[in-house]
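Asker: Any chance you can model this:
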Amino acid sequence: MNTDEACSQYRGKTEARPALPGDLDEDDQAGQAGHASGEAAGARADADPGASLDAGPDVRPGERKLLAVLARHYPMRLTRAQLGTLARYAAKGGTFGDYFSRLKRRELIAEVGGLTQITEAGLKVAGKSAPREPMTTEELLALWRGALKTGAQKMLDALVEVYPRVLSRIELAERTGYEVSGGTFGENLGTLRRNGLIQVEGKGAGNGTGRGAGSVRASDTLFLTPR
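Answerer: Numbers count the residues shown, from 1 in each chain. Modelled structure (predicted):
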């Protein structure tokens, strides 16, 4: 595959699944420090997820909080439950649902397959610019490393290192210092799978979190340039 075809494939994939991740919980926020524009901005974002956002036309404070969370995690995808937790709203509550629906109607966020990602329009309201389209594998990997939490980063790096070979789940756990039967390992694997960063085969392939059996390898779409 040449560079143009690979880049086109990557764009098509990301556009087809507007979405960041996996099983992100509150400790994911610590891994996103690189997204803050300085320590002061980071402190404001921790205190109030929407504090540093450009209000934009007719964007409510609660809606800004949702956009702020998605912007910090871009290009990863979040479930509604994850988004609600990180923005400090009950995902099944009416307030969250109202904010979410308004953002979706105005195309500031997009939801596909139960996963939500901020759009380019949403990024502008959030005062951020969409990253330049990655042209090399390293640029693409750097983009994802900045969005993934530490455990998922380690697993992705381990798979990229041996690509195109596969690793069994047991091998992957050993290389990254996790217990294959542990919840953290499964959560990180799920994060990578839901964002199209790995391919899972064998037992548990349906959800990417099977314990022990089966194999995993880095997705072909990560490799925009020959290795």
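Asker: Could you give the number of residues near Tyr89?
Answerer: Residues near Tyr89, counting by other Cβ atoms under 10 Å, number 21. Using the backbone N, CA and C atoms, a C-beta is placed for each residue, glycine as well.
Asker: That one touches Gly97, doesn't it?
Answerer: No. Using Cβ atoms under 8 Å, Tyr89 makes no contact with Gly97, being 9.4 Å away.
Asker: all strands for this structure, in order.
Answerer: For the chain, applying DSSP state E gives strands covering 109-112, 115-118, 167-168, 198-201, 215-218.
Asker: Output the second one in CSV, but only the C-alpha positions, please.
Answerer: Looking back up the chat, that one is strand 115-118. Only the C-alpha atoms of strand 115-118 are listed here, as CSV (Å, rounded to 0.1, in the frame of the first residue of the first chain):
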residue,chain,number,x,y,z
LEU,A,115,-19.2,5.8,21.0
THR,A,116,-18.9,9.6,20.9
GLN,A,117,-16.2,11.9,19.5
ILE,A,118,-16.0,15.7,19.2
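Asker: Quick one: mean pLDDT for it?
Answerer: When pLDDT is averaged along strand 115-118, the result is 95.
Asker: now do the fourth one
Answerer: For strand 198-201, the mean pLDDT works out to 92.
Asker: ok, the nearest residue to Leu123 once chain neighbours are set aside - contacts?
Answerer: Nearest non-adjacent residue to Leu123, counting by Cβ to Cβ, 6 or more residues apart in numbering: Ala130, 5.5 Å away. Shown in contact with Ala130 (Cβ atoms under 8 Å, 6 or more residues apart in numbering): 74, 120, 123.
Asker: what ranges of the chain fall below the confidence cut-off?
Answerer: Residue ranges of the chain with pLDDT under 70: 1-57, 203-213, 227.
Asker: Helices of that one, start to end?
Answerer: 3-16, 39-47, 61-73, 80-87, 94-105, 120-125, 137-145, 150-162, 169-176, 183-194 (DSSP state H).
Asker: from the ones you listed, which stretch is densest packed?
Answerer: helix 61-73 (a mean of 25; mean count of other Cβ atoms under 10 Å).
Asker: for that helix, packing partners?
Answerer: Applying 3 or more Cβ pairs under 8 Å, 6 or more residues apart in numbering; DSSP states H and E, we find helix 61-73 packed against helix 80-87, helix 94-105, strand 109-112, strand 115-118, helix 120-125.
Asker: between the ones you listed, which gets nearest to Gly214?
Answerer: For these, distance to Gly214 was read as Cβ to Cβ. The smallest value, 22.7 Å, belongs to strand 115-118.
Asker: Counting neighbours, what do you get for Lys149?
Answerer: Neighbour count of Lys149, defined by other Cβ under 10 Å: 23.
Asker: Please tell me how far it sits from Val180.
Answerer: 19 Å (Cβ to Cβ, to the nearest Å).
Asker: ok, now Arg80?
Answerer: In terms of Cβ to Cβ, Arg80 sits 29 Å off from Val180.
Asker: again with Leu141
Answerer: Taking Cβ to Cβ, one finds Leu141 at 24 Å from Val180.
Asker: Including distance to Gly214, could the helices of the chain go into a markdown table?
Answerer: A markdown table is the format used below for the helices of the chain (distance: least, Cβ to Cβ, whole Å):
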| stretch | distance to Gly214 |
| --- | --- |
| helix 3-16 | 23 |
| helix 39-47 | 38 |
| helix 61-73 | 28 |
| helix 80-87 | 25 |
| helix 94-105 | 35 |
| helix 120-125 | 36 |
| helix 137-145 | 23 |
| helix 150-162 | 14 |
| helix 169-176 | 6 |
| helix 183-194 | 10 |
